[in-house]
Structure formats: C-alpha cells, structure tokens
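**Student:** sequence first, predicted coordinates after that:
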Amino acid sequence: MTVDVETDEGLGGIGYTTFNGPLAPTLKHAVDQLGALVIGEDPLRTEAVGRKLRGAAWGSGAGGIFTLAFSAIDIALWDIKGKALNQSLAMLLGGLRDKVPAYASGALLRSYSLDQLLKSARVLVEKGYKQMKTQLALPGETSPRIETERAHRLREAVGPDIDLMCDINQRWSVNQAIDIGRRVEDVHFSWLEDVTAHDDYAGLARVADALATPHAGGECYYGITPFRHAIEARSVDIVMIDLFRVGGIANWMKVAGMAEAFNLPVVSHLIPEIHVHLVSAIPNGLTVEYMPWPLLRPRRAQALRRVSEE
Ligand SMILES: [Mg+2]
C-alpha cells in the first residue's frame, strides 16, 4: 500500500509498505493512525518523527505491523526531504557511487523442474544478467543427492563467470545445511541464504563456521536490535536488510554501519527502486536484489518471470 504525505508548502512524498495476506487491512489502519500523528510535524526531522511514532506505539514495536506501517511514513518523509533539497536519496545519504550491481531474483525458483530451471538460467545469461539467485530445499521428494545435483547442473548451465546465489528460505535444519552446504561448496555460490530458522543465531553460526560459502541473512529481522544479535553471534557473513522490516531509511543505514564496523558486506531484500539508493550510498554495499514486487508487480515482475520461462 502507498501513502501520500503532503506538506503546506506544496511538496508531497510517497511512501509504501507491504504485508501479504489477511492482515493487510490492519496494516492500512496502522498507517492511517500513525499518519494522523504526523500532521503538523516538520517532514525534514525524520528522527524526531520516528521518536514520536515509536513512543505512540508503546510496546507494540519493533516486530510486526507497527514497523511496517512506520516505514511507509518514513519513506514518504525522505521523499519530501529529497524533493525539498532537490537531491536523490543516494545523494542525501552521501552519494558514494553512481552504479551498483543488481542480481536477478525470483526467476530460478525451487518449484521449477530441473529442465525449466536450466532453461530459465540460460535465458537470464543471454539477457545479460551477471548475477542471479536460485533456491534449494526443494518441495516434494528430495534428498541431499538431488539438491546437490541440481546445484551442479545449474552451475554447468550458466558457466563459471556468473555469480550464483542460493536461498534456502529457512527450510533446512542446521545439520542438513552443513551437509548439503559442504556438498555444494564447489558450485561456489556467492552465498547461501537463510539456511535455517532466522532467529536460531547459534545454529546459524554453526553453519557459517562450517562452510566456506558465505551465509547471508537478515531479511526477517524487524528493527535494528536482531542484527546486533546476528552479527555478534557471527551467524551471518553477509547482512541482508529489508527496508520495511528494519523500520525505514535511517534504521537501514544504522544497520549498514553496524555491519561495516564488523567488516561485513550488506545486501538488500526486495524494494529495488529504493534499495539501489541505499546500497550505492554505503561503502560495504554489495549488490541489490532485483525483484520488483511492491510497485511494479503487475507488469515488470511478471515480465521478468516470463523472460525466465521463455
Ligand atoms: Mg531470502
């Protein structure tokens, strides 16, 4: 859902957030209620507005609907800030780089047959993608041998020079992750992502320690504090930040700084149209997930999928 925030000086900002499923109307209600509290505030004072709204939420943040609703408003205020200063978000945040890599996501799914997967991968390579993400932890009947074979066949199909990432979406146990992770080490995935339950910091750390392949995680974390736990536990080698769940632009930058202090790179989760600014603004920004769901879902996300299915 989108939110329009208007100012008495004629500038307006657009923010958005998302929450699939039956609680979406509840999220809209939360955005409306928080929005009412912003009326009369200075849109340039995003931290002050943030403190006010967090205060109004009492103990209901940072996990869940409050943070998703807050992020929509925060994004709209940063949009106003950019328009007021006539600068892009990347420039407001320091303007480090003009370009960042992005990778194709959502086009090499675990639901595909092996043939479909290999065909899609070849099409993506032909289209010029240099980085792309697939998924393991296959649905239905599978085994470490089947998982491993699929990974090897995919590597053969795209060749040695394509960066391949692999998302497990929390579907393995710690031991499965170590077992299959070792079997696919010679596939040279750029990262394995969310190999087991996102809040099993100690379990994830065991996996990260056991494998040469980096472990990426963080898309499920709300607010900034879980990142502290993950990074302190060394359960992530690559920090993935979701703009909506982390709680907006400033929180995203705070986590990126935390990662930088721990010598860790940062990648984004969904929302590429904003994340391209954020990843380009930080010295430890690695790549942007190109999965244009929130605003472009009807056309471009399907177009990407069509491309991969051609
Ligand atoms: Mg993921």
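**Tutor:** Now that the structure is in, tell me what you want to look at.
**Student:** the ion contacts on this protein?
**Tutor:** Asp167, Glu193, Glu219 (CB under 5 Å from the ion). Backbone N, C-alpha and C define where each C-beta goes, glycine included.
**Student:** and the residue in the stretch 151-300 of the chain positioned nearest to the ion, what are its bridge partners?
**Tutor:** When scored by CB to the ion, the stretch 151-300 of the chain has Asp167 as its residue closest to the ion, at 4.4 Å. Per DSSP bridges, the residues bridged to Asp167 are Gln135, Glu193.
**Student:** surely Met132 is within a strand?
**Tutor:** Yes. Applying DSSP: H, G, I helix; E, B strand; the rest coil, one finds Met132 inside a strand.
**Student:** next, count neighbours for it.
**Tutor:** Neighbourhood size, Met132 [other CB atoms under 10 Å]: 24.
**Student:** from what I see, it and Asp167 are in contact.
**Tutor:** No. Here Met132 does not reach Asp167: they are 11.4 Å apart, not a contact under CB atoms under 8 Å.
**Student:** count of residues packed around the residue of the stretch 151-300 of the chain closest to the ion?
**Tutor:** Asp167: 25 surrounding residues under other CB under 10 Å.
**Student:** just Tyr129 next, same as before
**Tutor:** Tyr129, neighbours per other CB under 10 Å, totals 21.
**Student:** show me where pLDDT drops low in the stretch 201-310 of the chain?
**Tutor:** The stretch 201-310 of the chain contains residues with pLDDT under 70 at 293-310.
**Student:** try it again at 90.
**Tutor:** Scanning the stretch 201-310 of the chain for pLDDT under 90 picks out 291-310.
**Student:** OK, contacts around the residue of the stretch 151-300 of the chain closest to the ion?
**Tutor:** Lys133, Thr134, Gln135, Leu136, Glu193, Asp194 (CB atoms under 8 Å, 6 or more residues apart in numbering).
**Student:** give me the pLDDT for it.
**Tutor:** pLDDT, Asp167: 98.
**Student:** could you do the one 4 residues further on as well?
**Tutor:** In the predicted model, Arg171 carries a pLDDT score of 98.
**Student:** and the closest residue in space to it that isn't next to it in sequence, how many neighbours does it have?
**Tutor:** Nearest residue to Arg171 in three dimensions, chain neighbours excluded: Ala137, at 3.5 Å (CB to CB, 6 or more residues apart in numbering). Neighbours of Ala137 under the rule other CB under 10 Å: 20.
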